[in-house]
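> Provide a 3D model corresponding to the input given below.
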Amino acid sequence: MPSDARDRIIRVTDLIDRPGASRRVDLVVPPAEDLDFEVAEIDGDIRFFGVIESVVDGLLVRGTVSADLRVSCARCLQDLVRNVSAEVTELFSDPARADSPEDVEAGYELGEDTIDLDTLIRDALVPAVPYRPLCDEDCKGLCAQCGKNHNEEDCDCVDVTVDARWAALEGLRLSDSDN
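Down below sits the predicted model:
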């Protein structure tokens with residue numbers, strides 16, 4: 001199902017210029033089409049549960065972004081689904097009220113009575129992607145020679161480990177007369 005950018009845009013007319021006012025936000029949206037990870041794929045919708053608070057400098061958004069990611073085990077390549085979540089706290093500011101344009105972080109601008117959570121969601125999920133996901137801490141991985149999954153079956157391959165310091169002598173063959 002294609003994602004609609006409007007899903008992540010929230011009207012905040014009732015909060016602008018009203019410090020102390022707040023609103024609870026429970027949002028379930030499909031991932032943006034351009035939200036792409038090299039080692040993972042979003043499986044289903046993205047969830048954001050939090051609060052938008054009006055403060056003197058703009059709107060403070062606090063909450064939790066979570067999603068299910070489809071990843072592969074780093075040892076045995078088994079497909080996995082892992083839930084990742086990240087706590088977020090971001091200030092959305094009005095560029096017209098900032099002392100200089102550099103004071104407003106790109107993607108966290110207060111639009112015409114709206115805020116767009118797309119950048120916030122992206123910034124929260126990218127670092128939450130597991131660097132080295134494992135199906136189990138005791139995963140035995142794949143055989144380096146035949147490729148069998150050692151979690152499912154053993155193989156008859158022999159793992160020969162050569163000490164790198166002696167590797168240059170591996171091809172040396174001495175005749176019996178050299179003894």
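
> what bits of the chain have low per-residue confidence?
Low-confidence segments of the chain (pLDDT under 70): 1-6, 98-103, 177-179.

> Dump stretch 13-23 to CSV, restricted to CA.
Extracted as CSV, the C-alpha positions of stretch 13-23 are listed here (Å, rounded to 0.1, in the frame of the first residue of the first chain):
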residue,chain,number,x,y,z
THR,A,13,-3.3,25.1,15.3
ASP,A,14,-4.7,24.6,18.8
LEU,A,15,-1.1,24.5,20.3
ILE,A,16,0.7,27.3,18.5
ASP,A,17,1.5,30.3,20.8
ARG,A,18,-0.1,28.6,23.8
PRO,A,19,2.8,27.6,26.1
GLY,A,20,1.7,24.9,28.5
ALA,A,21,-1.0,23.4,26.2
SER,A,22,-0.4,19.8,25.0
ARG,A,23,-2.0,17.0,23.1
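
> Distance from it to the middle of the chain?
Put simply, stretch 13-23 sits 31 Å off its chain's centre (CA atoms, centre = their mean, to the nearest Å).

> The residue nearest the centre of the chain and Phe48, how far apart?
Nearest to the mean C-alpha position of the chain, counting by CA atoms, centre = their mean, stands Val129 at 2.8 Å. According to CB to CB, to the nearest Å, Val129 stands 17 Å off from Phe48. Every residue, glycine included, has its C-beta placed from N, CA and C.

> hang on, the earlier thing: hang on, isn't the residue nearest to the centre of the chain packed against Leu69?
Yes. Because the distance of 6.4 Å satisfies CB atoms under 8 Å, Val129 is recorded as touching Leu69.

> For the residue nearest to the centre of the chain, grab phi and psi.
With angles defined as degrees, to the nearest 10, Val129 sits at phi -60, psi 130.

> Contacts only, for it.
Taking CB atoms under 8 Å, 6 or more residues apart in numbering as the definition of contact, the neighbours of Val129 are Phe37, Val39, Ala40, Leu69, Val71, Val84.

> Quick one: classify Glu123 as helix, strand or coil.
Glu isn't right for residue 123; it's Asp. Three-state call for Asp123 (DSSP: H, G, I helix; E, B strand; the rest coil): helix.

> follow-up on the earlier one: give the residues shared as contacts by Val129 and Leu69.
Shared contacts of Val129 and Leu69, counting by CB under 8 Å, 6+ apart, come down to Phe37, Ala40, Val84.
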